[in-house]
Every structure is written in C-alpha cells, then in structure tokens.
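Dropping a prediction and its sequence here:
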Amino acid sequence: MSALPVERAGPRPVEIALLASVFVVAACGLVYELSAAALSSYLLGDSVLQFSTIIGTYLFAMGVGSWLSRYFERQLPAHFLRIELMVALVGGALPALLFIANAYVPGAFRLLLYGLVLVVGTLVGLEIPLVMRILRRNVALKDLVSQVLTFDYLGALAVSIAFPLLLVPQLGMIRTGLLFGFMNAAVAVWALWLFRHELRRAGAHALACALALAALALAFAFADRITTLAEDRFYQDRIVFSESSPYQRIVVTRGAAGHRLFLNGNLQFAERDEYRYHEALVHPVMAAHGAPRKVAVLGGGDGMAVREILKYPSVESVTLVELDPNMTRLFRAHQTLAALNGHSLASPKLKIVNTDAFQWLQQPGEVFDVIVVDFPDPTNFAIGKLYTSAFYALLDQRLAASGYAVVQTTSPLVARKSFWTVATTIESVGLTATPYHAHVPSFGEWGYIVASRRPFRMPDALPEGLRFLSVATLPLLFDFPRDMARVPTEVNRLSNQILVTTYEHEWGTR
C-alpha cells in the first residue's frame, strides 16, 4: 500500500510554481481558442456558427489530449516541457499562419484552421493531466483537484476579459498569439529549472527552449511585416492604415479606385464611387421631408452620410450613433480621410454617440425628422439583430410622425430574397416600406428601403452640386425590373434571424 501524503503547513515552492503554470497555460489555451474563433468570424462571417464550431472542435481535441495523457507514464516533467514548447510554437503562430493562408491559399484556409485547432486543442488537453500527475506526488487528491481547477478557471477568466478589451486592440491578433506563445515557452523554461535534476537530457531541453524563445521573439519583432505581407496580398492595394479595435479589423487602402475602407475584410466604400452610394442613401428621404431639423445616423462612422446631410440648411443637429469609437476618431483626425467626408465629423451641429445602436434606441430619447440607418450587411447574428422586427419597432418610436427612415439593404439583384426580407420585416411593425436601388460600380446593384408612417412622396428639388442624383432621374431608382421584383419572404425576428441564413446562402452561392 502506498503511504498517505503527509500534512504540511503550506505548499512547497515547486507546487506554487506548477499551480502558477496552470494559470498561465489555461490563459494561453483560451487565447488560441479565441484567436481561431475570432479570425474565422472575421474572414468567413457568421460569428455564431464560427465560434460554435471552433469551440466545439477545440473542446473535442482537448478531450482527445486528456485521453492520450494516460499513455505518458514516465519522465512526466520532460513530456510536460516538450508539450509546452509545441503549444508555444503552434499556438503562438496560429493567427499569423491563418492570416497568411487566407491571403495566399484561401482554398486551404478552412483545412488549416481546423487542423491547427485540433493540434493545439490536443496539446492543451495534455497539459493539465500531466501537471496534476506531477503534483500528485505530494498533494492530496482533494486539494489537488480543487487547486488545479481553481487556477485553470482563473486563467480563463483573466484572458477572456483581457482578450477583447486590451490584448487585441493594443497588440493586434498576431502579436497577441505570439505573446502567449512566448508565455507557454516561459513555462517550459520554468519546468526545465524546476526539474533539472530529473531530466535526462537537460542540455537538449535547454537548447529547445532557447530556440523556441528566439523564434517567437523574432516573429514578434516582425509581426507588423507579417501582417502587412498577408494584408497587402489580400487587399491588393497599398495599405495606408490598419487597426484592430474591440469590435472589428479596420483597413484603409489606396489604389486605382482611390481610398477604400474594409471592415473585417468586407468593402465598405471606394473613394471612386462612394458618392453614388451616399447620395442615394441620404437625399431621397432628406429632400422628400422638405425641411428636416433633427437627423440621426445609425452606423456610418466614416462620416460620408453626415457629409450629405449637412448640405441641407434646415438641419440644426445630427446625432451619429457609431459603435466603434476608433472609426469616428479615425475619420475625424486622419487628414486624408477627414477630407473625404468634408470634415463633417468636426461639424458643430454633430453629436457623436459611441454605443450600440440597438441599446441606444431602447433608451428614452428625442425623436428625429430623418433617421439614416447605414449598418454593414447582416453577415452575422450580431449585425443581424439590427435588421429585425424588434429593431424596426424601436426605430419607429424615435421617428417623428411625418419623418422618414432609410435603411441600406444589400443587393436586390444578388441577394434578392434578403432584400425583400428587410421590406417584409419593416412592414411587420406597421411602417410603410418603399424600396429603391442604385448602381454603385464597387458593389453592383445596391438596394435601400424607406420606412415611414406616411406614404413616401417623390421630392421636387435636390441640393445643388450632386454628382449622381437629379430630380429627373430620381424616380428611376424606384422602378424594379423583373429580376429584382418582390418575392415572398418571412419576417426577420430576433428569435429566428432568418435573414442571416438567407444572406449567407445568397452571397455564398454567387
């Protein structure tokens, strides 16, 4: 029979070190999981699907790793050290490898994504069982389980808060992965020192640790070049600005089409023809109202819609509700980009509110003569909620009785069912939906819908100096040819988010 552990006054230094290592490896493991899920959401869309499948695959792989740990019987510290180095290199490089794969071999992106998740998850699944078996030499089982799980969960909590609020905004995705890879390698070095008397080939292990740390440090130093290499290939034009915020990846390029804005890899505007999009978005409702005084813009943090709104002398105030403060700061402070929006974000008539538009509408507040809704397309459920009946019911409460709202509504040609789903959803809350479309070369045929309590009337005057719209041609935008005509659709509700599924299907089968 084996002897029972002897009660001691406190934990030994080696136990404290190993428990601290549990905290670190738990944090590192979650960073790799979150990085894979966030990148797949950025690049593939549908955040719920991507997060669900990545997390599920990762947890499955961890289970496989835990099961495989039973076959590690001897030299446990040596196995633990080697696994830490492998996790450090593969997990730390995961964001960089995925960025590069998406740019150079997009067809292999999914295969590499899930392959890396399986490898990292399996290795992470090996870590905790090995640590527990090493600690079991001196710690009673009940204390062992409680202590290891406590430090494991604390590490997960710390990184789940820091990842979106601190790490990605300050370091970017690639440097975040490499930093935590470095931390895994540091745990390996710590294990090398703790168990130096047990390791048979301490010199070889020391060399492996040194090489891993050097590789990670070198990659960290050149992380910007790695990002530029991948994004230059992906975006083709020269990148003049790039930044990761807690909400999205913002990239501005400059090429033959002038400046172009991308959010999470999706084109938002091209300088060459953005005037077509924004004139079509803003002027039909502004001119139809006659003399709007109070206007709200939901989304549209680039300030282009605000630029068009300020062409009306009757406007006394504009409230811009944009989730990402990085967007409004960029297009207010960056000299070239601010020139594109006519320095509209510096207007004394403008009030900027950096918050979620859905939550903002839920709060009691003023009503508006015109509301311009300029959100990205519903590529995921987080954005899809802004196209639901619940959202339009809230929008109705903030719209003056004689007011108009306009919603940018994807392509009625490419995504015909998606477009008319928005019209059906607007009508489901008692508003009149008046659809129209315009050709924007960078996007193709693009759609908009006016939402109002009173019927829409065609304006008989427009501001001077417009480059696209005229009073004579404006009625043509409201005429739909047969291949864009209305089709039966369901209401997009918070409980079903049918629009996101429809949108993904239509754009994914182009």
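Noted; the coordinates are in hand. Numbers count the residues shown, from 1 in each chain.

ok, then the element right after the longest helix belonging to the chain?
In the chain, assigned by DSSP state H, the helix with the most residues is helix 13-44. Using DSSP states H and E, the helix or strand that follows helix 13-44 in sequence is helix 47-68.

If you average the pLDDT over that following helix, what comes out?
Over the span of helix 47-68, the pLDDT mean works out to 89.

What residues sit buried inside the helix or strand just after that helix?
Going down the chain from helix 47-68, the next helix or strand is helix 76-104, by DSSP H and E. Buried residues in helix 76-104, defined by neighbour count with 16 or more other CB atoms under 10 Å: 76-103. For the C-beta atoms, the positions are set from N, CA and C on the backbone; glycine is no exception.

Just want the angle from helix 76-104 to helix 47-68.
If you take axes from the mean of the first three to the mean of the last three CA atoms, to 10 degrees, helix 76-104 sits at 150 degrees to helix 47-68.

Kindly calculate the angle that helix 76-104 makes with helix 13-44.
Going by the same axes, to 10 degrees, helix 76-104 makes 20 degrees with helix 13-44.

ok now helix 76-104, how far from the chain's centre?
Relative to its chain's centre, helix 76-104 lies at 23 Å (CA atoms, centre = their mean, to the nearest Å).

That helix - contacts with which helices or strands?
helix 13-44, helix 109-135, helix 168-194, helix 202-221, helix 223-235 (3 or more CB pairs under 8 Å, 6 or more residues apart in numbering; DSSP states H and E).

Of all those, which one comes closest to Ser470?
Smallest distance to Ser470 across those (CB to CB): 34.0 Å, for helix 223-235.

With mean neighbour count and mean pLDDT as added columns, please give the helices and strands packed on helix 76-104 in CSV.
What follows is the helices and strands packed on helix 76-104, written out as CSV (neighbours: other CB atoms under 10 Å; pLDDT from 0 to 100):
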stretch, mean neighbour count, mean pLDDT
helix 13-44, 22, 80
helix 109-135, 20, 89
helix 168-194, 22, 88
helix 202-221, 16, 93
helix 223-235, 17, 76
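
TSV please, covering these and showing distance to Phe443.
Converted to TSV, the helices and strands packed on helix 76-104 look like this (distance: least, CB to CB, whole Å):
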stretch	distance to Phe443
helix 13-44	20
helix 109-135	24
helix 168-194	27
helix 202-221	37
helix 223-235	16
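
Can you check which of those gets nearest to Tyr404?
Here helix 13-44 is closest among the helices and strands packed on helix 76-104 (CB to CB), at 33.9 Å.

now for the closest one, which elements pack on it?
helix 47-68, helix 76-104, helix 109-135, helix 141-162, helix 168-194.

Over the second one, what's the mean pLDDT, rounded is fine.
Pointing back at helix 76-104 there. 90.

quick one, what contacts the residue nearest the centre of the chain?
Centroid-nearest residue in the chain: Gln248, 4.2 Å away (criterion: CA atoms, centre = their mean). By CB atoms under 8 Å, 6 or more residues apart in numbering, Gln248 lies in contact with 42, 263-264, 324.

Let me know the closest of those residues to Val353.
Using CB to CB, Asp324 comes nearest to Val353 of those, at 12.0 Å.

Any figure for the gap between that closest one and Ile83?
Applying CB to CB, to the nearest Å, the value for Asp324 to Ile83 is 39 Å.

just Gly301 next, same as before
44 Å.

Then His197?
Counting by CB to CB, the gap from His197 to Ile83 is 20 Å.

before we move on, what about Asn354?
Asn354 is 43 Å from Ile83, by CB to CB.

same thing with Glu322?
Using CB to CB, one obtains 45 Å as the distance from Glu322 to Ile83.

Kindly report the same for Val189.
Relative to Ile83, and taking CB to CB, Val189 is found at 14 Å.

what does Thr328 give?
Distance, Thr328 to Ile83, using CB to CB: 45 Å.

What residue spans form the domains of this protein?
With automatic domain parsing as the criterion, the domains of the chain are listed as 13-231, 270-508.

of all those, which lies closest to Ala256?
domain 270-508 (8.0 Å).

any idea of the mean pLDDT in that closest one?
pLDDT averaged over domain 270-508 gives 94.

Would you mind measuring the gap between the ends of it?
22 Å (CA to CA, to the nearest Å).

cool, stretch 455-473 as well?
Across stretch 455-473, the terminal residues are separated by 20 Å (CA to CA).

So what touches it?
275-276, 279-280, 283-284, 287-288, 311-312, 404, 432, 434, 438, 450, 474-475, 478.

Buried residues in that stretch, which are they?
456, 459, 462-463, 468-469.

same deal with stretch 300-318?
For stretch 300-318, a neighbour-count test (16+ other CB under 10 Å) marks 300-312, 315, 318 as buried.

Count the neighbours of Gly444 for me.
10 (other CB atoms under 10 Å).

dump the residue contacts of it.
Counting by CB under 8 Å, 6+ apart, Gly444 has contacts 411, 413-414.

how does it look with 6 Å?
Ser411 (CB atoms under 6 Å, 6 or more residues apart in numbering).
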